[in-house]
Each structure stands twice: as structure tokens, then as C-alpha cells.
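Enquirer: got a structure for you, letters missing:
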């Protein structure tokens with residue numbers, strides 16, 4: 001039940017961001033009702049300069065309500081225009097990033113709430129004498145100033161976030177921070193050592209949908225006194241069907257549990273691997289890499305044909321993957337206590353490279369500069385990668401080289417590609433010699 005409530009709030013995140021400003025409207029109306037209607041004596045403690053007469057307040061609030069309504073419409077039009085720009089030039093999946101980064105819904109909520117405050121305040125002021133001083137108009141002025149400051153900030157953010165280079169750099173910086181955290185977690189991650197009594201119980205999806213979240217706290221509570229290691233092999237964001245394997249749990253001291261208890265435990269733990277109707281929009285490092293890949297693919301499409309943007313994206317992706325693969329492990333410990341470890345198995349080296357470059361390789365066929373950048377990028381990853389990952393990176397380079405060079409017959413292009421291949425082969429030979437010694 002609690003998980004379903006959390007999911008509802010996550011799914012309605014955009015609506016709640018706007019709706020919370022209705023609470024501000026209610027709070028302001030409550031303040032005006034207290035000072036102007038219920039406890040009018042409190043106005044003696046407010047300087048006269050901060051209060052307006054009823055007639056002035058009604059005139060101001062009438063005008064400002066029209067302004068708020070007009071700007072709300074203008075903001076909505078601007079938002080739709082920018083979202084169309086993102087959808088057609090960058091990636092449809094970048095829309096949520098724009099909304100989150102620029103505070104679009106927050107600003108829209110401010111103006112809508114300001115309209116409601118102005119209109120309802122006018123209704124509340126109708127029964128008061130026209131020469132009586134009230135705080136409703138003053139609060140309206142303060143709210144308008146704050147709203148205009150918010151609009152200025154919003155305008156600057158829209159201008160910054162509509163420039164392609166700023167978008168790419170923003171995605172890269174966010175992803176770089178997350179990869180730094182991921183690398184640190186991978187360095188410190190360790191499995192339990194198995195003993196003779198260990199058994200493994202499969203964990204399966206309870207329904208069909210997107211693998212959304214792992215409720216680590218609830219899992220630890222259910223495994224409180226049991227020596228165990230839970231490994232999640234399905235990745236967050238992947239689509240699963242009911243009954244599909246999501247991972248497994250190793251009971252290290254299994255002799256203490258009977259078969260009925262084991263089955264009950266397996267079913268209880270499976271329900272904390274949350275499946276949702278919608279994909280997880282929370283940031284992780286892989287989402288950043290996917291976003292850069294999508295921008296590169298969009299740039300290489302015939303409608304846009306912007307190879308230089310794709311080259312920048314490939315360089316950024318290569319830098320990120322090189323840092324990510326510098327560790328020898330492809331898993332992290334999400335949470336642990338004295339008895340239990342919850343391990344999340346990430347993508348293999350081959351999977352990471354395939355997901356990042358396969359579409360770019362397909363779209364870039366025939367462009368020599370993009371081809372050269374892709375090969376240089378994989379070479380960069382090879383140089384940055386740990387020893388355990390180098391072999392897989394080299395295999396992917398060889399496969400990519402065969403696919404990419406098949407589009408070219410001119411010696412002027414091929415000799416540049418061959419130069420990159422020779423460099424990676426030389427470093428491979430040196431690495432093999434050092435291992436032999």
C-alpha cells in the first residue's frame with residue numbers, strides 16, 4: 001500500500017509541482033482574512049505605508065489579475081515552443097530535463113496562483129468600506145514583484161537551456177558527477193564468500209511494466225536476521241513481464257530456514273522490486289549517456305545533418321565511459337547491514353559500449369569525421385579502462401572498425417582510420433607483454 005502511494009506521488013510529480021502554489025494562494029488569502037476581516041485590530045501593528053485603501057486595492061488587483069492571466073498564457077505558449085524545439089532538435093526524452101532544470105512548472109504555478117489570489121481577494125473586499133485600509137493589495141504587490149523576479153530568472157534559464165552546447169555540457173556535467181559516485185561505489189563493492197550451505201532463490205516481477213525502483217530499506221527489514229546477499233540483475237528502466245527474473249537472493253545460512261519460510265521470504269522480497277506503468281525518470285549515470293547518444297543520433301539525422309554536434313557528443317560519451325570502465329567491477333552495493341547486502345549488477349563492458357555507440361555507428365555511415373571520432377573515442381576508452389575491461393573494449397573496437405570502414409573506399413580516409421587501429425594494437429601488444437613478464 002505504501003509503495004503504491006509513493007508511486008502515485010512520483011507519477012504525478014509534474015502536477016504536484018504546480019499544485020503546491022495553490023497552497024500559497026490559500027495561505028495569502030488566510031492572512032488577508034485575518035487582518036482585514038476577523039482581527040482588524042492587528043493592522044495597528046502594520047505601518048500605514050504597507051497598506052492600501054479598499055478602492056486602490058480592488059483597482060490594482062483587477063489589473064494584476066488580467067496581467068497574471070496574460071502572462072500565464074504567454075508562458076504556456078513559450079513552454080510549448082521550447083518543448084517542440086527540444087523534441088525536434090535534441091531528443092523527446094530531454095523534455096523532462098528542460099522542465100526540471102528551468103523550473104517551468106514552478107513559474108507557471110506562480111502566475112496561475114497569483115490570478116486566483118487576485119480574483120478571490122476582490123470578492124473578499126466587496127463588503128468593506130472603500131476608504132478602509134487593507135493588506136490584500138499590499139500582499140498582491142509583493143506577490144507581483146516576486147513573480148516578475150521569477151519570470152526574469154526563468155527567461156535567462158530558457159535562453160541558456162535552448163543553446164545546444166549548453167545542453168550537452170549540462171548533461172555531461174551531471175553525468176560526470178554521477179559516474180564519479182558510481183566508480184567510488186564500485187571500488188568498495190564486495191560479494192560475500194559462499195559457503196557449503198548457501199541456496200539461491202529467484203526473484204521475479206510481480207506484474208508487467210517498467211522496473212522502477214528497489215525498496216532497499218524494506219528489503220533490509222525483511223532480511224534483518226538472515227545472512228543473505230540479494231543481487232538485482234535486471235536494470236532500472238528496463239521493461240519486464242510478469243514472472244520474469246529480476247535477480248536472486250542467496251541465503252548463506254540456509255539450514256536455519258524450512259522450505260515454507262524460504263518461499264514466503266522470496267515472495268515478500270519480490271514485492272519490494274517495484275514495477276511501474278511509467279519509466280523511472282530519476283537521474284542516473286546511464287540516463288545521461290543515453291541522452292548524449294540521442295542528441296548525437298538526432299544531429300546525424302537527414303533532417304538536421306549536424307555532424308559537429310554529434311562529434312561533440314561522441315567525445316563526451318567516450319570520456320564518461322572511459323572513467324566508468326576504469327574499475328574492475330560492474331556492480332555496486334546499494335545498501336547493507338550486518339547480515340545482508342543488496343547488490344545491483346550494472347551493464348557489462350560490451351553492453352555499455354553497444355548501448356552508447358551502436359546507433360551512432362549506424363547513423364554515421366559515410367561521414368568520415370564522425371567515423372574517425374567514434375574510433376578515437378573507443379581508443380580513448382581503451383586507454384582509460386582498467387585491465388579487466390581492455391580486452392572487451394578492444395573486441396568492440398575491432399567490430400566497429402569493420403562496420404565503419406566498410407562505408408569507405410578512398411585511401412585518404414582509410415589511412416586515418418588505420419592509424420587509430422595501429423595505435424590500439426600497439427598498446428594491446430604492450431599490455432600483453434607486461435602481463436607475460
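Expert: Received the coordinates, thanks. Quick caveat, the model's predicted, so the values are computed rather than measured.
Enquirer: Please report how far residue 363 lies from residue 416.
Expert: Plainly put, residue 363 is 20 Å away from residue 416 if you go by CB to CB, to the nearest Å. Placement of C-beta: from N, CA and C, glycine included.
Enquirer: Can you list the buried residues in stretch 349-359?
Expert: Residues of stretch 349-359 classed as buried under the neighbour-count rule (16 or more other CB atoms under 10 Å) are 349, 352, 353, 354, 356, 357.
Enquirer: Give me the helices and strands touching the one helix or strand the fourth one maps to, please.
Expert: Pointing back at residue 354 there. Residue 354 is part of helix 349-363 when elements are defined by DSSP states H and E. The helices and strands touching helix 349-363, judged by 3 or more CB pairs under 8 Å, 6 or more residues apart in numbering; DSSP states H and E, are helix 285-300, helix 307-324, helix 368-384, helix 387-405.
Enquirer: just to revisit the earlier point, got TSV for the buried residues of stretch 349-359, with pLDDT too?
Expert: Shown next, in TSV, are the buried residues of stretch 349-359 (pLDDT from 0 to 100):
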residue	pLDDT
349	91
352	92
353	94
354	93
356	92
357	94
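Enquirer: so where's the stretch 51-200 of the chain uncertain?
Expert: Per-residue confidence for the stretch 51-200 of the chain (pLDDT under 70) gives these ranges: 92, 101-103, 194-197.
Enquirer: tell me the strands in it, going along the chain?
Expert: Secondary structure of the stretch 51-200 of the chain (DSSP state E, counting those that start in this stretch): strands located at 52-53, 133-134, 199-204.
Enquirer: Could you look over these and pick the most buried one?
Expert: For the strands of the stretch 51-200 of the chain, the stretch with the most neighbours on average is strand 133-134, a mean of 23; neighbours defined as mean count of other CB atoms under 10 Å.
Enquirer: distance between that strand and the chain's centre?
Expert: 48 Å (CA atoms, centre = their mean, to the nearest Å).
Enquirer: so what strands line up beside it?
Expert: Sheet pairing of strand 133-134 (DSSP bridges) gives strand 52-53 (antiparallel).
Enquirer: Residues contacting the partner strand, please?
Expert: Residues external to strand 52-53 that are found in contact with it (CB atoms under 8 Å, 6 or more residues apart in numbering): 60, 130, 131, 132, 133, 134, 137, 138.
Enquirer: out of those residues, who has the most neighbours?
Expert: residue 137 (27 neighbours; other CB atoms under 10 Å).
Enquirer: wait, doesn't it sit right on residue 50?
Expert: No. In this structure, residue 137 sits apart from residue 50 without contact. The criterion is CB atoms under 8 Å, and the distance is 10.0 Å.
Enquirer: quick one on the thing from earlier: what's in contact with the helix holding residue 354?
Expert: Among residues not part of helix 349-363, those counted as contacts by CB under 8 Å, 6+ apart are 286, 289-290, 293, 296-297, 300-301, 310, 313-314, 317, 321, 324-325, 330, 347, 370, 374, 377-378, 381, 385, 389, 392-393, 395-396, 400, 403-404.
Enquirer: before we move on, what about stretch 214-221?
Expert: When contacts are taken as CB under 8 Å, 6+ apart, the neighbours of stretch 214-221 outside the stretch itself are 3, 230, 232, 236, 269, 272-274, 334-335, 337, 340, 342, 344.
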